[in-house]
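Q: Requesting a structural model of the entry that follows:
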Amino acid sequence: MLRRGVCVVLVLLGGLVLSISVEAAQLWFPPRHPAKADVIAQTLGNVVGMGLWILAGQSLTDWTRRRLYGPQGGRAVWLLAIYAAGLMFYSLLPLDLTIRPVDLWHKYKSGQVSLVPFAGWQWNLESIYAAARDVALFIPIGVLAALWPAHGQSPRRLPLRWLAAVAVVGLIEFSQLFVRSRHSDATDLILGAIGVSGGLLAAILWKRDGAARGRGGWRLRAASLVAFALLLAAIYLQPFEMDRDHRAAAARLAAMFRVPLEALRQGELLAMTSNVLRKLLLFGVLGWLAGENVSGLRKSKPGWRALVALGLAAGLVAAVLIEVAQSWFPPHVPDVTDVAWGAIGGALGAYVGRFVESGTRCGTE
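A: Residues are numbered from 1 along each chain as shown. The predicted structure is shown next:
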């Protein structure tokens, strides 16, 4: 008891010193302004965090470790659960929340709430791309529903898992109703349900493919790699306004070799950070799929160094091709920094994929 009390005091003092240091450092970072209220709020958060850890921290950690290395869940479930939580948080940004009925009424009257699916739909390439993007966002939710641990794997449970995943889509759309700057649309609910269905089906086929690795099961993995590579190109080439002026394209291509990371000095920090994280995530999926294809063609699993090198090469090649193609698709501006992010994302994706697979395999042995 005495040891715990000493630890609590030390953590409290450490948090207080850190809070004061951060507020004092804001004197050198305009337009930031240090405030005593921030120190009080941060200290209160420190106290609440310590209290939650004392009450349930260790038991929650032990439960997480059992699930992480458990026979059914594995690391893949937890990574997908983190993705689901991140998608929920992202859908509520910029957190300009309101529960006032008058604000919700004004939002509805201004057209930010669409109850009729595809009411304002325009059948053009841009709308099709936006729909494909919304569908792709919810594919991991369907995969999570398929892999979520449960007692028994009866096919009768699949409809319940699908309904649970669709309920997540509905929860996200309903939550966006209380975000002033977000648009709540019944179309998104339908597109999300399609994405969930695709993810659930893909997970089931992937499981069967695992048992058919020696009987031509490579087709699903290869098709997934090609399809995702095409989707990646579409993401970074839209709105697909091709410029046929070769001189202008050559000038944009020459500007690609600017000083690395120079673009990060321009624009808002939040937007730049979001763009980098999205690029790492997307190219990470590409690197993981590349590693899955090579692993499926070999009898023995390649080492993590070989997989990382493969993921880096896949991300590098894809990023170079996309950046060169952007020279003909303004307003995109090719940048060598984006090539580096693509290569890093591919390497990270290949490594994380091996980490997930090894954890799941160890749990099932």
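
Q: Show me the helices in the stretch 151-300 of the chain, by range?
A: 157-176, 186-211, 218-237, 246-254, 269-297 (DSSP state H, counting those that start in this stretch).

Q: what would these look like in TSV with mean pLDDT, distance to residue 117 and mean neighbour count?
A: Backbone N, C-alpha and C define where each C-beta goes, glycine included. Shown next, in TSV, are those (pLDDT from 0 to 100; distance: least, Cβ to Cβ, whole Å; neighbours: other Cβ atoms under 10 Å):
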stretch	mean pLDDT	distance to residue 117	mean neighbour count
helix 157-176	88	12	16
helix 186-211	82	5	18
helix 218-237	81	23	16
helix 246-254	83	39	13
helix 269-297	79	27	18
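
Q: between these, which one is nearest to residue 118?
A: If you check each of the helices of the stretch 151-300 of the chain against residue 118 by Cβ to Cβ, helix 186-211 wins as the nearest, at 5.4 Å.

Q: out of the helices of the stretch 151-300 of the chain, nearest to residue 60?
A: When those are compared by Cβ to Cβ, helix 157-176 sits nearest residue 60, at 22.1 Å.

Q: what residues are up against the residue positioned nearest the centre of the chain?
A: For the chain, the residue nearest the mean C-alpha position is residue 83 (5.3 Å; Cα atoms, centre = their mean). By Cβ atoms under 8 Å, 6 or more residues apart in numbering, residue 83 lies in contact with 140, 144.

Q: what's the next secondary structure element after the strand or helix carrying it?
A: For residue 83, the host element (DSSP states H and E) is helix 74-92. Sequence order places helix 101-109 as the next helix or strand after helix 74-92, per DSSP H and E.

Q: Which strands border the helix or strand just after that following helix, and is each parallel or antiparallel?
A: Next helix or strand after helix 101-109 toward the C-terminus (DSSP H and E): strand 113-114. Partners of strand 113-114 in the sheet, by DSSP bridges, are strand 184-185 (parallel).

Q: what's the partner strand in contact with?
A: 112, 113, 114, 117, 173, 174, 176, 177.

Q: For the second one, name its beta-bridge partners.
A: Right, residue 113. Beta-bridge pairing of residue 113 under DSSP bridges involves residue 184.

Q: and stretch 181-197, how far from the chain's centre?
A: Mean-position distance between stretch 181-197 and its chain equals 17 Å (Cα atoms, centre = their mean, to the nearest Å).

Q: my bad, should have said stretch 237-257
A: The chain centroid and the centroid of stretch 237-257 are separated by 29 Å under Cα atoms, centre = their mean.

Q: quick one: contacts of that stretch?
A: 125-126, 129, 322-336.

Q: Let's see the ChimeraX selection covering just the buried ones among these.
A: This is how ChimeraX selects the buried members of those, with burial counted by 16 or more other Cβ atoms under 10 Å:
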select :129,322,323,325,326,327,328,329,332,334,335,336
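
Q: Does anything pack onto the host helix or strand of residue 18? Which helices or strands?
A: Counting by DSSP H and E, the element that carries residue 18 is helix 2-25. The elements that helix 2-25 packs onto, with contact taken as 3 or more Cβ pairs under 8 Å, 6 or more residues apart in numbering; DSSP states H and E, are helix 36-52.

Q: Show me what the helix it packs on is packed up against.
A: helix 2-25.
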